[in-house]
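Visitor: For reference, the sequence and a predicted model appear below.
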Amino acid sequence: MLIWIFCWLGHGTHATALETVSADMSGQVHETRMVLRDLWVEHVFWVRNYVFATHHKDEYGERAAVDEVVANARSIANSLEPFYGQAAAEKLFELLAGHWTAVKGYNDATFIESSEQKRQSAVVALTENAREISKFLSGANPHLPEADLFGLLSAHGGHHVAQIKQIKGDDLAAEAKTWHAMRQHMLVISDALAVALAKQFPDSF
């Protein structure tokens, strides 16, 4: 298992050099920040629903959660379309779909197939996808350092893996702590994106 899966333990967020939102932000920056926060938190919310539905063999819940995860990925991608265009939004959606495919693969290999080989393959896919998303976003915005993004997104993948293992083991106390860390981590990522957008496109704010 790759080391980064556990690098977040004991820490609320992954430390980076990314700038945080200042107290004197403009109204439009604050609005963008809150929209992005909602979108990124919805991602972990619906993935969590899928994990629990799989654990309880709730096929209806699984289908509903999958639909919401995909719709949310589309919304996250589309949130960048006004800044970078439709082609960039489509590319981000493709990358986010890759993230979901890897998480789902790890989940299903845990609950349905009990395959350690497939779990390991999913972890490798998660890592590579985090690298690709980091490269894409950093290439689009100079205020998003690639190494810092990779650290954040790698830790995010680690949260998913830990959560799946804890739900599989019915360790709900530990999962509750992971959920809190996941949610806080999403706020760090979304806030970093909001600040980077405001710095790159000041006339839009």
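Guide: Ah, there it is.

Visitor: now the strands for this structure?
Guide: Remark: no strands are assigned in the chain by DSSP state E.

Visitor: Which residue ranges of it form helices?
Guide: For the chain, the helices defined by DSSP state H occupy 27-55, 59-79, 81-84, 86-111, 116-140, 146-168, 172-200.

Visitor: Can you give me the pLDDT of the residue positioned nearest the centre of the chain?
Guide: Centroid-nearest residue in the chain: His156, 5.7 Å away (criterion: Cα atoms, centre = their mean). Looking at His156, its pLDDT stands at 98.

Visitor: wait, doesn't it sit right on Ile189?
Guide: Yes. In this structure, His156 is within contact of Ile189 by Cβ atoms under 8 Å, at 7.2 Å. Any C-beta I mention is one placed from the backbone N, CA and C, and that applies to glycine too.

Visitor: just for this protein, where's the confidence low?
Guide: Where the chain drops to pLDDT under 70, the residues are 1-25.

Visitor: Tell me how many other residues crowd the residue nearest to Leu39 when sequence neighbours are not counted.
Guide: For Leu39, ignoring the flanking residues on the chain, the nearest one in space by Cβ to Cβ, 6 or more residues apart in numbering is Ile76 at 5.0 Å. When neighbours are counted by other Cβ atoms under 10 Å, Ile76 registers 20.

Visitor: my guess is Leu96 contacts Ser75, does it?
Guide: No. Contact criterion Cβ under 8 Å: Leu96 and Ser75 do not qualify, at 10.0 Å.

Visitor: before we move on, the earlier item: got the contact list for the residue nearest to the centre of the chain?
Guide: In this structure, His156 makes contact with Ala130, Met182, His185, Met186, Ile189, judged by Cβ atoms under 8 Å, 6 or more residues apart in numbering.
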